[in-house]
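dropping the sequence and predicted coords here.
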Amino acid sequence: MMRSLTLTIALVFAALGGPVPAMAGTAPDVVAPPASIVETMVTLGEGELAVRAAITMPAQATRVPAIVLVGGSGPGTLDLNVGGSTIHRDLAWGLASHGVAVIRFEKRSTAHPEVFDRRGSPPTLDEEFREEALAALKVIAADPRVDGSRLYVVGGSQGGALAAGLANRHGAAGAVILSSSPRTVGEIIAQQADLALEQAGNEDGREGARRMRATADRIQALTPTDDPDEVIQGRTAAYWLDMFADRPLAQVDILLNRGGRVLVVQGARDTLMSMIDWKGWNDALAGRPNVDLRLYANLNHLLQEGVGPMTNAEYEWTRPVSDAVIEDMATWIKGTIPARP
């Protein structure tokens, strides 16, 4: 549990046990996509912060729905490598095999860390998430094989908290929120720190948990009058305040009120986004038109199948994203979600 105390709070949704995707160059051996799909590499942006992106299409695509994949906190490779797993590649290839076009991209902060090091300041929330996601939406929307009226933002973890806001900024048809939370960053880190303090087996562990709790309290207490350039565990005060302002439930309300659709997906084995978060989504959204909420009993934070409480060892797995989740997402994006026993 305490392993991730060595990480920066840039890994906010990964604090104290969350996924730490492998950096570029450590991906498993490349394999060819299935024959039912076609994948094309493109570039998003220009200059020193341009990044690679992949467009994955059904082989015979004609006016198909499309999504942009937005990852969570921390490093973000093109395939979202976590241990030996390729989370975004699984989603892209799986959804395209079911008739949904996908665009995924690497994070600027992963592809070009030297730029931010040279600048002497960490990326803003726009630089880390929004600008590339919105650029990806524009690229996929312009593809003649895509139905521009059926564009969705699919975000996982921190990306899930931003998904509805991104959909609203682009005017997309909806958002799919994977393994995320309606709570604030500070609340989530504080809960994880308190749990770590309870479970710590020695004084070093307890001290680490107390430091994490103090950091959570500082983030939670930030106000617009604070120094925007104050760096709190790897990100500026302005970054955290920007996260607070983009409140997930408020953005979902805006999306629904303009006729959009929302799907919330969570694994019941997820110990990072807990049943507190699942209850928060349900209390706010259950029964509302154009909302579907899906809890999968045997899935972890990365939507991989397993047994028993989730452990840190699962972030080293080589295991695919659940076929059931991919099938349900594809069906929902194309129409309505199917019933499952």
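The structure has been received and is ready for your questions. What you are looking at is a predicted structure, and each value in this text was computed from that prediction instead of being measured. Residues are numbered from 1 along each chain as shown.

what about the longest strand in the chain?
Using DSSP state E to define each element, the chain has its longest strand at strand 146-156.

where does pLDDT dip in the stretch 51-200 of the chain?
Applying pLDDT under 70 to the stretch 51-200 of the chain picks out no residues at all.

90 instead?
Across the stretch 51-200 of the chain, the ranges flagged by pLDDT under 90 are 60-61, 73-74, 185-186, 188-200.

ok, which stretches of it are strands?
Ranges of strands within the stretch 51-200 of the chain are 51-58, 64-70, 81-82, 85-86, 101-105, 146-156, 174-178, based on DSSP state E, counting those that start in this stretch.

ok now the third one, how far from the chain's centre?
It refers to strand 81-82. Centroid separation for strand 81-82 versus its chain: 13 Å, with CA atoms, centre = their mean, to the nearest Å.

if we can go back for a sec, could I get the strands of the stretch 51-200 of the chain as JSON lines with mean neighbour count and distance to residue 277?
Where you see a C-beta, it was placed from the backbone N, CA and C, and this is true even at glycine. Below are those laid out as JSON lines (neighbours: other CB atoms under 10 Å; distance: least, CB to CB, whole Å):
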{"stretch": "strand 51-58", "mean neighbour count": "21", "distance to residue 277": "29"}
{"stretch": "strand 64-70", "mean neighbour count": "27", "distance to residue 277": "18"}
{"stretch": "strand 81-82", "mean neighbour count": "26", "distance to residue 277": "20"}
{"stretch": "strand 85-86", "mean neighbour count": "24", "distance to residue 277": "22"}
{"stretch": "strand 101-105", "mean neighbour count": "27", "distance to residue 277": "24"}
{"stretch": "strand 146-156", "mean neighbour count": "23", "distance to residue 277": "13"}
{"stretch": "strand 174-178", "mean neighbour count": "27", "distance to residue 277": "10"}
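
just put the ones you listed in a markdown table and tack on distance to residue 168.
As requested, these are exported to a markdown table (distance: least, CB to CB, whole Å):
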| stretch | distance to residue 168 |
| --- | --- |
| strand 51-58 | 22 |
| strand 64-70 | 14 |
| strand 81-82 | 28 |
| strand 85-86 | 29 |
| strand 101-105 | 19 |
| strand 146-156 | 9 |
| strand 174-178 | 9 |
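
so which of those gets nearest residue 262?
strand 174-178 (5.5 Å; CB to CB).

show me the contacts for the residue nearest the centre of the chain.
Nearest to the geometric centre of the chain sits residue 156, at 2.3 Å (CA atoms, centre = their mean). Residues near residue 156 by CB atoms under 8 Å, 6 or more residues apart in numbering: 69-72, 80, 87, 178-180.

can you tell me the closest non-neighbouring residue to it?
residue 178 (4.2 Å; CB to CB, 6 or more residues apart in numbering).

run the angle between the longest strand of the chain and strand 51-58 for me.
The directions of strand 146-156 and strand 51-58 differ by 120 degrees, with axes from the mean of the first three to the mean of the last three CA atoms, to 10 degrees as the criterion.

strand 146-156 pairs with which strands?
The strands beside strand 146-156 in its sheet (DSSP bridges) come out as strand 64-70 (parallel), strand 174-178 (parallel).

who's in contact with the shortest one?
Applying CB under 8 Å, 6+ apart, the contact partners of strand 174-178 are 67, 152-157, 159-161, 163-164, 166-167, 248, 252, 255, 260-266, 281, 290, 303, 329, 332-333.

just the CA trace of it, in PDB.
The C-alpha trace of strand 174-178 is given here as PDB (Å, rounded to 0.1, in the frame of the first residue of the first chain):
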ATOM      1  CA  GLY A 174     -22.000  12.000 -24.300                       C
ATOM      2  CA  ALA A 175     -19.400  10.600 -21.900                       C
ATOM      3  CA  VAL A 176     -18.400   7.300 -20.500                       C
ATOM      4  CA  ILE A 177     -16.900   7.500 -17.000                       C
ATOM      5  CA  LEU A 178     -14.700   4.600 -16.100                       C
END
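
strands of the stretch 201-341 of the chain, start to end?
Using DSSP E, counting those that start in this stretch, strands in the stretch 201-341 of the chain cover 231-232, 235-236, 261-267, 291-296.

quick check: buried residues in the top helix by length along the chain?
Counting by DSSP state H, the longest helix found in the chain is helix 203-221. Using 16 or more other CB atoms under 10 Å as the test for burial, helix 203-221 gives 205-206, 208-209, 212-213, 215-216, 218-219.
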